[in-house]
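**Q** Turn this into a structure:
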Amino acid sequence: ASWIDSVNILVQLAVAMRRHGRGGSLLVVPANDETWRESIVHPVAYAVSPPFRELTGLLKETREGRQAEIWKEALRETVQSIAGLTAVDGAAVMTDQYEILAFGAKIQRRRGAAPVESVRVTEPVQGGQPATFASSQLGGTRHLSAAQFVHDQRNSIALVASQDRRFTVFAWSPCEETVHAHRV
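**A** This next block holds a predicted model:
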C-alpha cells in the first residue's frame, strides 16, 4: 500500500494516548512469545482471555473496505478504547499483531536480570544530539518501568504517554546495546 493509504496503528494509538491526558503505557510484544510474562507481576489484574482481536480483524479489511466510513469509525473507536486501557494503573500489553493480552499489568524486573542503568535519549529537534541519562532521570515510574521492560524483553517496545503530554517510545538498540528512548 502507498503511504497515503497505509494505516499506522501505533501512531494512532500514540496520538490517542497523548490526547486523553491521563498518561499511560503500552507494551508491544511479539505474538506467540510468552517471555514478556517474566517481566510482569502475577497475577495480572486484567488478563484478556481470549485476546481482544478487534484491531487485527479491522486491519484484514481490503483497501476498498478501508475507504468506508463505517470502517474508519470502527477503527477510531477501537483505537480510543485501547488508548483508554493504557490509563489504567499499570500497562496495557498488545502483540505486534495488535491483539490485546492484558491491561493494568505491573512491570517488574525479570528474575536474574540486571537493573537498567542508563538509557540513550533522542528527540526530533533540529540540532538535537543523542544523550545518555541515568534511568532514574528519565521521568516517573512509567518511564523507568518501561525502560526496564525493554531492557529485559529486547524484542519488545514500550510506548509511554506522560500526564504532561510528552510521549516516549522505548526500544532496544542492538547497535549501542542499550535501551533507546525517543522523546516526542
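**Q** for the longest helix anywhere in the chain, packing partners?
**A** If you go by DSSP state H, the chain has its longest helix at helix 69-86. Using 3 or more CB pairs under 8 Å, 6 or more residues apart in numbering; DSSP states H and E as the contact test, the elements touching helix 69-86 are helix 9-20, strand 24-29, helix 54-59, strand 91-95, strand 100-105. In this view, the C-beta of every residue, glycine as well, is placed from N, C-alpha and C.
**Q** Pull out the buried positions in the third one.
**A** Yep, that's helix 54-59 we're talking about. Across helix 54-59, burial judged by 16 or more other CB atoms under 10 Å covers Glu54, Leu55, Thr56, Leu58.
**Q** if we look at it, which residues are touching it?
**A** Val7, Ile9, Trp71, Ala74, Leu75, Thr78, Val79, Ile82, Gln97, Tyr98, Glu99, Ile100 (CB atoms under 8 Å, 6 or more residues apart in numbering).
**Q** at 6 Å instead, please
**A** Leu75, Thr78, Gln97, Tyr98, Glu99 (CB atoms under 6 Å, 6 or more residues apart in numbering).
**Q** now do the same end-to-end measure for stretch 59-72.
**A** This stretch, stretch 59-72, spans 11 Å end to end (CA to CA, to the nearest Å).
**Q** do stretch 99-109 as well
**A** Using CA to CA, first and last residues of stretch 99-109 are 24 Å apart.
**Q** got any ranges where this protein has weak pLDDT?
**A** 1-7 (pLDDT under 70).
**Q** can you do 50?
**A** 1-5 (pLDDT under 50).
**Q** just to revisit the earlier point, buried ones in the longest helix of the chain?
**A** So, applying 16+ other CB under 10 Å, buried residues of helix 69-86: Trp71, Ala74, Leu75, Thr78, Val79, Ile82, Ala83, Gly84, Leu85, Thr86.
**Q** From the centre of this protein, point out the most distant residue.
**A** Using CA atoms, centre = their mean, the residue of the chain lying farthest from its centre is Glu64. It sits 28.8 Å away.
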